[in-house]
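Asks: Here is my input, please return the structure:
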Amino acid sequence: MQERIEAIVRGKVQFVMYRDFACRKARGLKLVGEVENLPDGTVRVAAEGKREALEVFVAKLHTGSLLSRVDGVSVEWKPASGSYSSFDIAYR
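Replies: A predicted model of the protein is given here:
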């Protein structure tokens, strides 16, 4: 069964390769979705896939990239929307 997480990551997570890190980890776990920087300095992550893979991914979001410092990750679990076909970095 497919599920979805929507997460907000706080800390030193912009300009430290965090989006690239999240994208590589998600693709490695066969997840689809997107990651993007928000104007308030946080990073938003939406990912869909199997619950087991999403749980591993959430743990990786807490770890972060080598240069990042993750102060917190807020996660909401939802039903999958089916609106993604790959995992990408969103530039808005």
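
Asks: measure residue 24 to residue 31 for me?
Replies: Summarising the geometry, the distance separating residue 24 from residue 31, computed by CB to CB, to the nearest Å, is 11 Å. For glycine as for every other residue, the C-beta is placed from the backbone atoms N, C-alpha and C.

Asks: more crowded one of these two?
Replies: Between residue 24 and residue 31, counted using other CB atoms under 10 Å, the more crowded position is residue 31 (26 against 14).

Asks: so what's the more buried one scoring on pLDDT?
Replies: Residue 31 carries a pLDDT value of 98.

Asks: For it, give me its contacts.
Replies: Applying CB atoms under 8 Å, 6 or more residues apart in numbering, we find residue 31 in contact with 47-49, 53-54, 57, 87.

Asks: Just put these in JSON lines and tack on neighbour count and pLDDT.
Replies: Converted to JSON lines, the contacts of residue 31 look like this (neighbours: other CB atoms under 10 Å; pLDDT from 0 to 100):
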{"residue": "47", "neighbour count": "27", "pLDDT": "98"}
{"residue": "48", "neighbour count": "22", "pLDDT": "98"}
{"residue": "49", "neighbour count": "22", "pLDDT": "98"}
{"residue": "53", "neighbour count": "17", "pLDDT": "98"}
{"residue": "54", "neighbour count": "24", "pLDDT": "98"}
{"residue": "57", "neighbour count": "23", "pLDDT": "98"}
{"residue": "87", "neighbour count": "25", "pLDDT": "98"}
